[in-house]
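Trainee: Need coordinates for the following:
(one chain, ligands or ions: 1)
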Amino acid sequence: MPVPLSLDQDQSKLSQPFEFDLVARQGRARAGRFYTPHGELHTPIFAPVGTQASVKAITPAQLQELGASLILANTYHLYLRPGDELVASMGGLHHFMHWSNPILTDSGGFQVFSLSDNRKIDADGVTFKSHIDGSSRRLTPETAIAIQENLGADIIMAFDECAPPTDREYNQRAMQRTHAWAERCLQAKRRPDQALFGIVQGGIFLDLRSASAEFISSLGFPGHAIGGLSVGETKTEMHAVLETVDAVLPANKPRYLMGVGTPEDLVNGVMRGIDIFDCVLPTRLARHNAAMRRSGRLNLVNAVYAQDPSPIDANCTCYTCQNFSRAYLRHLIVAKEMLSATLLSIHNIHTLLQLTREIRQAILDGSFDQFAQDFFAQQAASTIDHFEGEP
Ligand SMILES: [Zn+2]
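Mentor: Numbering: from 1, shown residues only. Next up, the predicted model:
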């Protein structure tokens, strides 16, 4: 029997999983909504990284309080330990780590190329030694998808090959392989409740990036990622790649810039059409006693803070800045108390989440150009250490 259409149903019709609504644009900057089975993502968005299904030193309740809506977990690490089948038997990643908002998993490709020993790449996949126990493992496009289906994230990634960014010949080969693997990933995918993103490769070579964006976007993925950046190229090279890719990728699908996340990278990325970012930087810096400011980092172990009653940032609304002095944070660091990592992670993650919220609001208000201008002026005037070369 047909049910009359209520407002709620009409709303749910509007929020089909993996639909992307572009809400506002200013220049290349975009504000959007991406619908997933675990909720709506408001872009531009920053995703804190939970490599081992844990955002280091932070509980899911604290992340929720910070307003995090998307987190990333690493396929390579979870495949090796505890194993994707165990995660599946525990009800999938959301249940296993008690996170009810959206999750993104990478394909494992980047870690295979950066962490594992003795890797052997062939047309079919990669054989490598686990960095944990030395056991021989193999990832192919099909297994990378099967593992990510066991993990059960909302957004999953195609298996790709990351080449050193300035080696043209290697990038050409790796790009061809990434393209063939992208097609195989689409073929292998079974779960309808996950969005598989294709990955654009091509190093710093704009003709390769353009060809890659064209090929990958022809395959019909619901979203696109830009891989192989922030791996040693200059900022100017990265920006040229983003501008090239932005001109080719379809506007009506989200773009995700993988592994990039200093405050200036977020502003520069949004200025060049990026919607989604992730980076280990806020939690990694926290474990190295550093607090993130928009214009750089404060190294709180520094003796200059020993008697400093002020918070990290007097304008910050995070729990750490509302309640704790630099002197107390430095004391925790010197006394090797674990709480320092938690309090600094809370502040650092808040800094990036708050920045993306303000960026989004500025795009909605039509004031993003001014926002970016003020941001860079503030940064140029700042005397604290910049993030250049981080992490
Ligand atoms: Zn703070």
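Trainee: hey, let's count contacts and neighbours off CA atoms from now on
Mentor: OK.
Trainee: Can you name the residues of this structure sitting close to the ion?
Mentor: With CA under 5 Å from the ion as the criterion, the chain meets the ion at residues 316, 318, 321, 347.
Trainee: phi, psi of the last one?
Mentor: Put plainly, it is His347. The phi and psi torsions at His347 (degrees, to the nearest 10) take the values phi -60, psi -50.
Trainee: Give me the pLDDT for it.
Mentor: Model confidence at His347, expressed as pLDDT, equals 98.
Trainee: Quick one: residues contacting it.
Mentor: For His347, the contacting residues are 291-292, 318-321, taking CA atoms under 8 Å, 6 or more residues apart in numbering as the criterion.
Trainee: which one of the residues of the chain next to the ion is nearest Phe215?
Mentor: Sorting the residues of the chain next to the ion by how near they are to Phe215, with CA to CA, puts His347 at the top with 40.3 Å.
Trainee: okay, which residue is most central for this structure?
Mentor: Among the residues of the chain, the one closest to the centroid is Asp278, at 1.8 Å (CA atoms, centre = their mean).
Trainee: Surely that residue touches Pro44?
Mentor: No - Asp278 is not in contact with Pro44 according to CA atoms under 8 Å; the separation is 11.2 Å.
Trainee: quick one, what contacts Gly269?
Mentor: Under the criterion of CA under 8 Å, 6+ apart, the neighbours of Gly269 are 239, 242, 257.
Trainee: Just the buried ones from the residues you listed, in PyMOL syntax?
Mentor: Applying 16 or more other CA atoms under 10 Å to the contacts of Gly269, the buried members can be selected in PyMOL as follows:
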select buried, resi 239+242+257
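Trainee: In strands only, show me the contacts of Gly269.
Mentor: Assigned to strands by DSSP state E, the following of the contacts of Gly269 qualify: Leu257.
Trainee: Output the helix or strand where Ala61 lies in PDB, but only the C-alpha positions, please.
Mentor: Taking DSSP states H and E as the criterion, Ala61 maps to helix 60-66. The C-alpha atoms that make up helix 60-66 are tabulated as PDB, following Å, rounded to 0.1, in the frame of the first residue of the first chain:
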ATOM      1  CA  PRO A  60      35.600   8.600  20.200                       C
ATOM      2  CA  ALA A  61      33.500  10.600  22.700                       C
ATOM      3  CA  GLN A  62      36.200  13.300  22.600                       C
ATOM      4  CA  LEU A  63      36.300  13.300  18.800                       C
ATOM      5  CA  GLN A  64      32.500  13.600  18.700                       C
ATOM      6  CA  GLU A  65      32.700  16.600  21.100                       C
ATOM      7  CA  LEU A  66      35.300  18.200  18.800                       C
END
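Trainee: returning to what we had before: for the residue nearest to the centre of the chain, phi and psi?
Mentor: phi -140, psi 150.
Trainee: who's it bridged to?
Mentor: When bridges are called by DSSP bridges, Asp278 pairs up with Ala47.
Trainee: quick one: it from Cys318, how far?
Mentor: Asp278 sits at a distance of 20 Å from Cys318 (criterion: CA to CA, to the nearest Å).
Trainee: Now for this structure, the helix or strand with the poorest mean pLDDT.
Mentor: Sorted by mean pLDDT, DSSP states H and E, the helices and strands of the chain end with helix 7-14, the least confident at a mean of 43.
Trainee: ok, then the element right after it?
Mentor: Moving toward the C-terminus from helix 7-14, the first helix or strand encountered (DSSP H and E) is strand 20-26.
Trainee: buried residues in that following strand?
Mentor: Residues of strand 20-26 classed as buried under the neighbour-count rule (16+ other CA under 10 Å) are 20-22, 25-26.
Trainee: same question for it, mean pLDDT?
Mentor: Taken as a whole, strand 20-26 has a mean pLDDT of 97.
Trainee: From the chain's centroid, how far away is it?
Mentor: Strand 20-26 has its average C-alpha position 20 Å from the chain's average C-alpha position, going by CA atoms, centre = their mean, to the nearest Å.
Trainee: what's the answer for stretch 130-137, then?
Mentor: Stretch 130-137 has its C-alpha centroid displaced from the chain centroid by 26 Å (CA atoms, centre = their mean).
Trainee: For that stretch, C-alpha coordinates in PDB please.
Mentor: Taking Å, rounded to 0.1, in the frame of the first residue of the first chain, the C-alpha atoms of stretch 130-137 are listed here in PDB:
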ATOM      1  CA  SER A 130      55.000  -7.300   6.800                       C
ATOM      2  CA  HIS A 131      56.800  -4.700   8.800                       C
ATOM      3  CA  ILE A 132      55.400  -6.300  11.900                       C
ATOM      4  CA  ASP A 133      56.500 -10.000  11.700                       C
ATOM      5  CA  GLY A 134      58.300 -10.300   8.300                       C
ATOM      6  CA  SER A 135      55.600 -12.600   6.900                       C
ATOM      7  CA  SER A 136      55.100 -12.600   3.100                       C
ATOM      8  CA  ARG A 137      51.900 -10.800   2.100                       C
END
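Trainee: Alright, that wraps it up for me.
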